[in-house]
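K.L.:
Quick one, fold the following:
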Amino acid sequence: MLNHYREPYIIREVAPFHVDGLAIPYPEFVPRLYNFCKELGFRKGYIMPSRAFCSDENQGLPIILLTKHFGTFPFNHGRVGGLLSINRNGPHSHHGDDLVIVQASHVGYDPDTGEYGGYRRPQVKGDNRCVSCGKLTHVFTPYLEQYHFARERIFLRRDEDGHHLITAKNTFIDFGSHPVDQGLVLKLSNIVEQDEQRIIRPFSQASTTQTYEVSPAFKKRLDDQGYEWKSNEGKNIGELLTADLFYFKEKFHETDDSLALERSLIEFMPDIVSAKYPPLRAAQANVQLEFSRVVQSIRRGEEYRGRSLLYITGLNIDISEYEGFPTTNYFVPWAAHVQLKDGTPEEYTHPIEQEKLFAKLMSQSMENPDQTDLKENIKRMLKAPHFDIRVR
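P.N.:
Numbers count the residues shown, from 1 in each chain. Below you'll find the model as predicted:
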């Protein structure tokens, strides 16, 4: 008789992405990045930078600074939301001897309130405050609306006999006889007990809801948080509906380039919508997922084989005009991949993780003697001869 082996259910989680104390102003980050490249053996005049940013105008300063410090306008690897087009790896690799890629999703930040997600656009009259990355926000908003809808329609209560209960609409429950086709689904196995046949049975039923007795483990979890159980109708679950208690079954909303963004983020959407700042969490998740995907494409592909490459990814933080100062950006490094054509040192065999990457960048000088004087170059262009351009 054959042995039937079944893998346990394996959960994938994103790693902790720290921001506090790790944000570097772009005017400081880019020269440090350039000097890191020089430390790796990259040569002045032969470095071809590339950026994979969102197309928003508030990503302009990083591009200008990359041009200034690397001496050439960066190649464009970017797609919506800060995704990277790996099918452009080949063209990028042919545009320079030493290659650099900077990839980042972005999020707005308000220094006065400490809140993430908003940005003021001076080119718009009146109330010009809006979301900083419209594409990311557009992708997660339908899920965020479902999450807030569910928070108000799932109830916790204690009955007269001392049972601790959870009541949910039928549409949130993935019944064996009638599975949810689309929408938010409760992970009841993390909330209530299964019987000896591994079946979850309701405590009671109503016209549009099911009620279950919560497990001792879930009750202890809430008790440890100081939760006070209410009698009668109870109280909606609210912010206690955490990411581990639900998931989404969805037919994707997007139809254009942002479909790739939605497909990438869907697995982590519960974590995003239940976060204090969903725009920040979405950007952080996207950065991590993109780094893993792109490093795999670099290692398996031929485009960068035998070339020197630094691929660095992180979070761009956008700050609107503030107290008379112009708009600016900060970079929060996440991870980096290094490969050198003459042999990669052992210290770079694996990706440089966040804390070590931050320390490596901060150890570099902010002075860049090789930087380009953009104003002087523009003056020289204006003095250049006018060529007789025609079809002969």
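
K.L.:
buried stuff in the worst-scoring helix or strand of the chain on mean pLDDT?
P.N.:
When each helix and strand of the chain is scored by mean pLDDT, DSSP states H and E, strand 129-131 comes last, with a mean of 83. Using 16 or more other Cβ atoms under 10 Å as the test for burial, strand 129-131 gives residue 131. Heads up, the C-betas are built off the backbone N, CA and C, glycines and all.

K.L.:
Sheet-wise, list the partners of that strand with their directions.
P.N.:
Partners of strand 129-131 in the sheet, by DSSP bridges, are strand 118-120 (antiparallel).

K.L.:
so where do the helices sit in the stretch 201-350 of the chain?
P.N.:
With DSSP state H, counting those that start in this stretch, the ranges of helices along the stretch 201-350 of the chain come out as 216-224, 258-265, 269-273, 278-300.

K.L.:
What mean pLDDT does the last one get?
P.N.:
The average pLDDT for helix 278-300 rounds to 96.

K.L.:
If you count contacts, what does that helix end up packed against?
P.N.:
strand 98-108, helix 134-151, helix 258-265, helix 269-273, strand 308-319, strand 328-339 (3 or more Cβ pairs under 8 Å, 6 or more residues apart in numbering; DSSP states H and E).

K.L.:
now the ones you listed as JSON lines including distance to residue 41 and mean pLDDT?
P.N.:
Shown next, in JSON lines, are the helices and strands packed on helix 278-300 (distance: least, Cβ to Cβ, whole Å; pLDDT from 0 to 100):
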{"stretch": "strand 98-108", "distance to residue 41": "8", "mean pLDDT": "97"}
{"stretch": "helix 134-151", "distance to residue 41": "36", "mean pLDDT": "93"}
{"stretch": "helix 258-265", "distance to residue 41": "34", "mean pLDDT": "85"}
{"stretch": "helix 269-273", "distance to residue 41": "39", "mean pLDDT": "96"}
{"stretch": "strand 308-319", "distance to residue 41": "7", "mean pLDDT": "97"}
{"stretch": "strand 328-339", "distance to residue 41": "11", "mean pLDDT": "97"}
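
K.L.:
looking at these, which is buried most?
P.N.:
Mean neighbours per residue, mean count of other Cβ atoms under 10 Å, is largest over the helices and strands packed on helix 278-300 for strand 98-108, with a mean of 26.

K.L.:
Specify the angle between it and strand 328-339 in degrees.
P.N.:
140 degrees (axes from the mean of the first three to the mean of the last three Cα atoms, to 10 degrees).

K.L.:
Taking helix 278-300 as reference, get the angle to strand 98-108.
P.N.:
160 degrees.

K.L.:
what's the offset of strand 98-108 from the middle of its chain?
P.N.:
Taking Cα atoms, centre = their mean, to the nearest Å, one finds the center of strand 98-108 at 12 Å from the center of the full chain.

K.L.:
What strands flank it, and is each parallel or antiparallel?
P.N.:
Short version: by DSSP bridges, strand 98-108 pairs with strand 47-52 (parallel), strand 308-319 (parallel).

K.L.:
just to revisit the earlier point, and residue 330, which of the helices of the stretch 201-350 of the chain is closest to it?
P.N.:
Ranking the helices of the stretch 201-350 of the chain by proximity to residue 330 (Cβ to Cβ) places helix 278-300 first, at 12.7 Å.

K.L.:
For that closest one, list every residue counted as buried.
P.N.:
Buried, per 16+ other Cβ under 10 Å, within helix 278-300: 278-291, 294-295, 298.

K.L.:
how about the residue nearest to residue 71 when sequence neighbours are not counted, secondary structure?
P.N.:
Leaving aside its sequence neighbours, residue 71 sits nearest to residue 372 (Cβ to Cβ, 6 or more residues apart in numbering; 4.8 Å). Secondary structure, DSSP: H, G, I helix; E, B strand; the rest coil: residue 372 is coil.

K.L.:
Would you quantify the distance from residue 372 to residue 50?
P.N.:
17 Å (Cβ to Cβ, to the nearest Å).

K.L.:
who has more neighbours, these two?
P.N.:
The residue with more neighbours, out of residue 372 and residue 50, is residue 50; 24 against 14, by other Cβ atoms under 10 Å.

K.L.:
And the closest residue to the more buried one other than its chain neighbours, how far from residue 243?
P.N.:
In space, and not counting its chain neighbours, residue 50 is closest to residue 75: 3.8 Å by Cβ to Cβ, 6+ apart. With distances taken as Cβ to Cβ, residue 75 is found 37 Å from residue 243.

K.L.:
So the two - more neighbours on which side?
P.N.:
With neighbours defined as other Cβ under 10 Å, residue 75 and residue 243 compare such that residue 75 has more, 21 against 18.

K.L.:
check contacts around that one.
P.N.:
Counting by Cβ atoms under 8 Å, 6 or more residues apart in numbering, residue 75 touches 48-51, 88, 91-92, 95.

K.L.:
nearest to residue 236, of the residues you listed?
P.N.:
Within the contacts of residue 75, the smallest distance to residue 236 is 44.5 Å, found for residue 51 (Cβ to Cβ).

K.L.:
Quick check: beta-bridge partners of the closest one?
P.N.:
residue 76, residue 102.

K.L.:
Just the element for residue 65, please.
P.N.:
Following DSSP states H and E, one finds residue 65 within helix 60-70.

K.L.:
mind listing what's buried in that helix?
P.N.:
61-63, 65-70.

K.L.:
How far does it sit from its chain's centre?
P.N.:
A distance of 23 Å separates the centroid of the chain from that of helix 60-70, by Cα atoms, centre = their mean.

K.L.:
what pLDDT does the residue nearest to residue 50 get?
P.N.:
What the model reports as pLDDT for residue 75 is 95.

K.L.:
Between strand 47-52 and the helix holding residue 65, find me the angle.
P.N.:
Going by the same axes, to 10 degrees, helix 60-70 makes 170 degrees with strand 47-52.
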